[in-house]
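Visitor: structure for the following, please:
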Amino acid sequence: MVLSINMQAWSPGPYVPYAMLTKMDMTGLIVNVEPMRFPIPSHVAGKQGLSINFRKSCLAGVKVEEDKLKQLARLGGCSVSALPFKYLGIPLGADPRRISTWEPVIEKFKAKLVGWKSRTLSFVGRVVLINSVLLMLSLFYMSIFHVPKAVVSKIDKIIRGFLWGYDGNKNRLPRVNWGRLCCPKKKGGAGIINLKAKNMVLLAKSGWRFVTERGALWRSVISHKYGSGDLPWLVSLGDIKKASITWREIVNTLSSECTTKWISGESFRWVVGDGKSLLFWEDVWFGESALRSRYPRIYRLVLRKYITVCDMISAGEWQNLDTTALFERQLLVRELTTIRIIKREVDDVSFNSSVVDRIVWVHETDGLFKVKKLTELLLSDGYFEDVCSFNFDKIWSLKVPPKVKYFLWMLKLNRVPTKVFLFNRGIKLSDAQRLCP
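Guide: Next comes the predicted model:
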């Protein structure tokens, strides 16, 4: 357990309970250090059924005097630490933009993908091991931090050397383009995890959580700190230099060109229930787009742009079309006609007060946001690698050993090391190798 203490004045905002210490989120934690408000661990342990291990606990100060920090550490019975340090394997307080921050991850890749394993495993076994190592070591980090390009290049180099094998100090001949290897199998690739794409998708998942977890504490903290953006699923950074590095990279990922096509305001649809979670003007809760997009001139005049559907339709002003209480000025005749059209459309929507509203992602059949699906969409969109039109499912669906499938896959891509293939790569065959087809 790690406490981060801020000695500055506490501004009004969401209250963070002590129990949240056992479930740290990426937003961190700020604890008021006034003596009368410092939580009593035994009281919390009794109510929550949790026991704190003070030997593993520490206090780290952010702009805190050392004497006060030591005093609080004695009060809590834990040790004093300083930034940066690790929490659950994640470096807290370190700059994720520096390559040195990622050196432990790179070293773990080197340790897991050693040369002797490459020599003893088949190509299929190497692919399986690579993906298992990537899932085990990298996803935990990539779901929080943006991985620098230099780090991605180093890890990819390690993976490529392990995949094609080592010959002394040199890597063996790579037979398939790296971009092709990282494509999904049904798109002509080998299904190796693309670090760049996976990092973007895991960061973009925070956008999905920001939409669906509207009552969550971490969302309230971020909204209070950064304010509301132009869309309800994205927050405004204001002065980007003052934003935290972690959240800044998440927002940059959500607003990047390659992800906005698949995870934007129009990519979400609401299944209407009681209307208490739906934003009347901002959300897509009936029709093909939000009311703010369909009626921009009316939206500019709205006083309460983030009013919920339940509050809007239950208001007497809406039922009686009292536009003076809903808009900034008296509406013109054509604008009032538009409002009547909107009201008729809203009246046709069925509400169920016993069912809560539910959001769905339009790019998945069951409506749930999936990391695997968004990764496939990014890769198949041609952003990372062009794919051919052949239906590779015919190969991967065969009921044959995996080794045969990968051979047929390379055969289709003309990557089997035949005499013609080796000649085109500038490799001369010896007399003993003349029988090569």
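
Visitor: low-confidence stretches in the stretch 301-437 of the chain?
Guide: Counting by pLDDT under 70, the stretch 301-437 of the chain contains low-confidence ranges at 381-389, 429-437.

Visitor: need the longest helix for the chain.
Guide: Longest helix of the chain, by residue count under DSSP state H: helix 195-212.

Visitor: put the alpha carbons of that helix into PDB.
Guide: What follows is helix 195-212, C-alpha atoms only, in PDB (Å, rounded to 0.1, in the frame of the first residue of the first chain):
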ATOM      1  CA  LEU A 195       2.800  -3.300 -29.300                       C
ATOM      2  CA  LYS A 196       2.000   0.000 -30.800                       C
ATOM      3  CA  ALA A 197      -1.600  -0.900 -31.700                       C
ATOM      4  CA  LYS A 198      -2.100  -2.700 -28.300                       C
ATOM      5  CA  ASN A 199      -0.900   0.300 -26.400                       C
ATOM      6  CA  MET A 200      -3.200   2.600 -28.200                       C
ATOM      7  CA  VAL A 201      -6.200   0.300 -27.700                       C
ATOM      8  CA  LEU A 202      -5.500  -0.200 -24.000                       C
ATOM      9  CA  LEU A 203      -5.300   3.600 -23.500                       C
ATOM     10  CA  ALA A 204      -8.400   4.000 -25.500                       C
ATOM     11  CA  LYS A 205     -10.200   1.600 -23.200                       C
ATOM     12  CA  SER A 206     -10.100   4.400 -20.600                       C
ATOM     13  CA  GLY A 207     -12.300   6.400 -22.900                       C
ATOM     14  CA  TRP A 208     -14.900   3.600 -22.800                       C
ATOM     15  CA  ARG A 209     -14.600   3.400 -19.000                       C
ATOM     16  CA  PHE A 210     -15.100   7.200 -18.900                       C
ATOM     17  CA  VAL A 211     -18.400   6.700 -20.800                       C
ATOM     18  CA  THR A 212     -19.700   3.700 -18.900                       C
END
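
Visitor: roughly how far out does that helix sit from the chain middle?
Guide: A distance of 2 Å separates the centroid of the chain from that of helix 195-212, by CA atoms, centre = their mean, to the nearest Å.

Visitor: buried set for that helix?
Guide: Under the neighbour-count criterion of 16 or more other CB atoms under 10 Å, helix 195-212 has 195-208, 210-212 buried. All C-beta spots, glycine's among them, are computed from the backbone N, C-alpha and C.

Visitor: on contacts alone, who are the packing partners of it?
Guide: helix 139-142, helix 149-164, helix 217-226, helix 245-254, helix 257-260, strand 358-361, helix 371-380 (3 or more CB pairs under 8 Å, 6 or more residues apart in numbering; DSSP states H and E).

Visitor: at 7 Å what do you get?
Guide: helix 139-142, helix 149-164, helix 245-254, helix 371-380 (3 or more CB pairs under 7 Å, 6 or more residues apart in numbering; DSSP states H and E).

Visitor: the last one vs helix 195-212, what angle?
Guide: Taking axes from the mean of the first three to the mean of the last three CA atoms, to 10 degrees, helix 371-380 and helix 195-212 form an angle of 130 degrees between their directions.

Visitor: need the contact partners of the following helix or strand past helix 371-380.
Guide: For helix 371-380, the following helix or strand on the C-terminal side (DSSP states H and E) is helix 393-396. Helix 393-396 is touched from outside by Lys185, Lys186, Lys405, Leu408, Trp409, Lys412, with contacts defined as CB atoms under 7 Å, 6 or more residues apart in numbering.
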